[in-house]
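Engineer: 3D, please:
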Amino acid sequence: MPAALSPRPTICSGSVACLQSGLARRAVAGQRLSVTAGATGSSSGPSPASTVVVASELDVGYSSAQGARDTMEDEVQVHYNTVGHYLYAAVFDGHGGDMAAQWLSKELHGQVENCLCGRTVHGGKLPAAAGNGNGAAAGAAGTTGSGKGISSSDISPTQLIESFHLADKALLKYLSDSGGEVAAGAGATATVVVIKDDKLVVANVGDSQAVLSRRGNAVILAHYHRVYGSGPDVSAEIERVKSVGGWVDDGRVCGVLAVSRAFGDWEFKGEGLPRLLETGIERGYWDSSFAAAQSFSADPVLATPDVTETLLSEEDEFLIVASDGLWDVLPPREAVQWARKEFKAKKDAAEVAASLTGLALKRYSTDNVAVVVVDLQGADFWSCKPKPPIKTVTGRKPGGMFGFLNKK
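Structural biologist: Now for the predicted structure:
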């Protein structure tokens, strides 16, 4: 019998919710992080897997597939940051082409690192993260600055919100400078995960999702930013869009865009809004009298993320981050149960990610699929073998999930 769906935190735009367990906060000693990565998959099936080993203990895997779509617009970035000693994982779901998603897969982590480590960006150019859009990277993101480490308490929702806003500003400039119809319509959703010691922070815009398995219960960590369907999230987004002069038609913002928060989408923000009205006339969406009557007081589409914080405990087993190509055909509770079964069959995170991707394709997902899986427990847990005792150093405490001894 499947486990019940756990209630998710109630949060507002840009705010934070904290999930806590009654159990002691986890402390895991270890020296290795296995980041397992697969190349981009084709329409025939999920991507193959390969392994890159960097510093710490978590097993992280990802898989992606083009599926039934003519093009691949999903991107994945997995990165262990040796400056701040944290894991960064992100799923980007592009629309209007892959231009925005590819840019974010290369650039967003550098901005997140800058904000977390207290750096500033000069000249409006973001430092590029190591690795590529569908790959894993080890080491620093190629940024400059103080190089100081961070503690889990240093990771705040405010910093992640700021990093999203700064990255969106840079992306919009990039799209504007690129010119052309494709650049004007390019955008992407983003679900970003940062894990430091026993702290898990998720920031998202759009309709990708992050789900935590807590003893088999699915804990949903991200809000959907859509204007179709039902529920409080949808109602709140519809109200926000209308309050700034936008409208919703056929489940789309201004009758065009399926998500209400995203990176890019130049025509839905600032200087691009007049162009949106002109484009609508050119394409026959509305006439000139309708366009002349519209007045926007603010952007109908935002890059302001919802942020959740979770204190990880011994109850927390693994994390699934995926684009809507998975969630549209596989509910969170079912995805958790499927992944648990695969872990118990002694599969690693990459194999579990590929299995989830394959299941989405078998269920005729009509979208691209991208999946990241983070095993928070390790192989001994899933094989039911006793865990070795945690070694301590006199006068010091184990430093949390990555095994560092209270590094700042």
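Engineer: what stretches of the stretch 251-400 of the chain score poorly on pLDDT?
Structural biologist: Within the stretch 251-400 of the chain, the ranges that satisfy pLDDT under 70 run 385-400.
Engineer: and what of the stretch 1-150 of the chain?
Structural biologist: Residues of the stretch 1-150 of the chain meeting the criterion pLDDT under 70: 1-57, 119-149.
Engineer: 90 instead, please
Structural biologist: For the stretch 1-150 of the chain, applying pLDDT under 90 flags the ranges 1-58, 80-85, 114-150.
Engineer: Going by neighbour count, which residues in the lengthiest helix in the chain are buried?
Structural biologist: The longest helix of the chain (DSSP state H) is helix 157-178. Going by neighbour count (16 or more other C-beta atoms under 10 Å), the buried part of helix 157-178 is 157, 159-161, 163-172, 174-175. Glycine gets a C-beta too; all of them are placed from N, C-alpha and C.
Engineer: Output it as CSV, restricted to C-alpha atoms.
Structural biologist: Taking Å, rounded to 0.1, in the frame of the first residue of the first chain, the C-alpha atoms of helix 157-178 are listed here in CSV:
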residue,chain,number,x,y,z
PRO,A,157,16.2,32.6,0.9
THR,A,158,17.1,36.2,0.4
GLN,A,159,20.4,35.3,-1.3
LEU,A,160,18.7,32.8,-3.7
ILE,A,161,16.0,35.3,-4.6
GLU,A,162,18.7,37.9,-5.3
SER,A,163,20.7,35.4,-7.4
PHE,A,164,17.6,34.6,-9.5
HIS,A,165,16.8,38.3,-10.0
LEU,A,166,20.4,39.2,-11.0
ALA,A,167,20.6,36.2,-13.4
ASP,A,168,17.3,37.1,-15.0
LYS,A,169,18.5,40.6,-15.6
ALA,A,170,21.6,39.3,-17.3
LEU,A,171,19.7,36.8,-19.3
LEU,A,172,17.2,39.4,-20.5
LYS,A,173,20.1,41.6,-21.6
TYR,A,174,21.6,38.6,-23.4
LEU,A,175,18.4,37.8,-25.2
SER,A,176,17.8,41.5,-26.1
ASP,A,177,21.3,41.8,-27.5
SER,A,178,20.9,38.6,-29.5
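Engineer: Pull the distance from that helix to the chain's centre.
Structural biologist: The chain centre lies 15 Å from the centre of helix 157-178; the measure is C-alpha atoms, centre = their mean, to the nearest Å.
Engineer: again with stretch 307-316
Structural biologist: Stretch 307-316 sits 16 Å away from the centroid of its parent chain (C-alpha atoms, centre = their mean).
Engineer: where exactly do the strands run in the stretch 301-408 of the chain?
Structural biologist: For the stretch 301-408 of the chain, applying DSSP state E, counting those that start in this stretch gives strands covering 306-311, 316-322, 369-375.
Engineer: now those strands as CSV including mean neighbour count and distance to residue 84?
Structural biologist: Formatted as CSV, these follow (neighbours: other C-beta atoms under 10 Å; distance: least, C-beta to C-beta, whole Å):
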stretch, mean neighbour count, distance to residue 84
strand 306-311, 23, 16
strand 316-322, 26, 19
strand 369-375, 30, 17
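Engineer: Residue 370 against residue 69, yeah?
Structural biologist: No: in this structure, residue 370 is not within contact of residue 69 by C-beta atoms under 8 Å, at 11.9 Å.
Engineer: So the residue of the chain positioned farthest from its centre versus residue 283, what's the distance?
Structural biologist: In the chain, counting by C-alpha atoms, centre = their mean, residue 289 sits farthest out from the average C-alpha position, at 40.1 Å. Residue 289 sits 16 Å away from residue 283, going by C-beta to C-beta, to the nearest Å.
Engineer: Need the three-state assignment for residue 62.
Structural biologist: State at residue 62, reduced to three classes by DSSP: H, G, I helix; E, B strand; the rest coil: strand.
Engineer: before we move on, the earlier item: rebuild the strands of the stretch 301-408 of the chain as a markdown table, extending it with distance to residue 78.
Structural biologist: Below are those laid out as a markdown table (distance: least, C-beta to C-beta, whole Å):
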| stretch | distance to residue 78 |
| --- | --- |
| strand 306-311 | 19 |
| strand 316-322 | 10 |
| strand 369-375 | 6 |
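Engineer: so which of those strands gets nearest residue 80?
Structural biologist: Distance to residue 80, taken as C-beta to C-beta, is lowest for strand 369-375 among the strands of the stretch 301-408 of the chain, at 11.5 Å.
Engineer: now the angle between strand 316-322 and that closest one, please.
Structural biologist: Strand 369-375 runs at 160 degrees relative to strand 316-322, counting by axes from the mean of the first three to the mean of the last three C-alpha atoms, to 10 degrees.
Engineer: quick revisit: tell me the mean pLDDT for the longest helix of the chain?
Structural biologist: Taken as a whole, helix 157-178 has an average pLDDT of 93.
Engineer: what inclination does that helix have with respect to strand 306-311?
Structural biologist: Using the same axes, to 10 degrees: helix 157-178 against strand 306-311 is 140 degrees.
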